[in-house]
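>>> Show me the folded form of this:
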Amino acid sequence: MNTALLILGIVVGIAIVAGLWVAGIYNVLVALRNRFKNAFAQIDVQLKRRYDLIPNLVETAKGYMKHESGTLEAVIKARNIAYAASQSAAANPADANAMKGLLSAESGLTGALSRLMVVSEQYPDLKANQNMMQLTEELTSTENKVSFARQAYNDSVMQYNTSREVFPNVFFAGMFGFLPAELFKIDDPAERNAPKVSFT
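Residues are numbered from 1 along each chain as shown. Coordinates of the predicted model:
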């Protein structure tokens, strides 16, 4: 009888230790997932600020660039697509497809903004407009903040992905639904640079 109780006690003890060990792995993965979601929220704040600045930039340019309506419409269209994609990604930053959609939309917006800046160089009065200078300065500042927030997000994603891929976490990550997170990266080297918005 004593041997059976001893064996039962050992089995229960091992089960408790194993349960606590698995719970520890789960808790670490939850903490890391929440960290990269919070980091994405910081990107989202800056992206929303940029999305709010773009219509003002286009409205200011519209008065000077009457013959460039196609360029202005392309910027607004790209902004709206990027805004919708950011809403989807913000709802669940852990969704790799939503992040890929945002990255694609952001690439389109960056291209459209770059074209607007190139065309606006042909309008000296627009370049000298105080409102336009202020908006482009704010946009440049926001682009810098997006870059810093993106770096923090990517660092958090890297830490989360590494933690979910190491042994023995890899066995439990899939069981508990911890899917890989997508980095916020721009694949096209030509699009890695922020749009040039300087009017100096």
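
>>> Run through the chain and note the low-pLDDT ranges.
Filtered on pLDDT under 70, the chain yields the residue ranges 1, 186-200.

>>> Can you list the helices and strands that the host helix or strand of Met117 packs against?
Assigned by DSSP states H and E, Met117 belongs to helix 96-120. Where contact means 3 or more Cβ pairs under 8 Å, 6 or more residues apart in numbering; DSSP states H and E, helix 96-120 is packed against helix 2-62, helix 69-91. The way it works is simple: take the backbone N, C-alpha and C, and place the C-beta from them, glycine included.

>>> try 6 Å this time
Under the contact definition 3 or more Cβ pairs under 6 Å, 6 or more residues apart in numbering; DSSP states H and E, helix 96-120 sits against helix 69-91.

>>> other SSEs contacting the helix it packs on?
Taking 3+ Cβ pairs under 6 Å, 6+ apart as the contact cut, helix 69-91 packs with helix 2-62, helix 96-120.

>>> Buried ones in the helix or strand following the helix holding Met117, by neighbour count?
Using DSSP H and E, the helix or strand that directly follows helix 96-120 along the chain is helix 124-128. Across helix 124-128, burial judged by 16 or more other Cβ atoms under 10 Å covers 126-127.

>>> Distance from the chain centre to helix 124-128, please.
Helix 124-128 sits 33 Å away from the centroid of its parent chain (Cα atoms, centre = their mean, to the nearest Å).

>>> Could you export it as PDB, CA atoms only?
Provided in PDB are the C-alpha atoms of helix 124-128 (Å, rounded to 0.1, in the frame of the first residue of the first chain):
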ATOM      1  CA  PRO A 124       8.000  76.900 -57.300                       C
ATOM      2  CA  ASP A 125       5.000  78.700 -55.800                       C
ATOM      3  CA  LEU A 126       3.800  75.400 -54.200                       C
ATOM      4  CA  LYS A 127       7.300  74.800 -52.800                       C
ATOM      5  CA  ALA A 128       7.300  78.300 -51.300                       C
END
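
>>> Moving C-terminal from that helix, which element do we reach first?
helix 130-165.

>>> Counting neighbours, which bits of that following helix end up buried?
132-133, 135-136, 138-139, 142-143, 145-146, 149-150, 152-154, 156-157, 160-161, 163-164.

>>> Please compute how far that helix lies from its chain's middle.
Using Cα atoms, centre = their mean, the offset of helix 130-165 from its chain centre is 8 Å.

>>> Tell me the helices and strands packed up against the helix or strand that it is followed by.
With elements assigned by DSSP H and E, the helix or strand that comes after helix 130-165 is helix 169-175. Here helix 169-175 touches no other helix or strand, going by 3+ Cβ pairs under 6 Å, 6+ apart.
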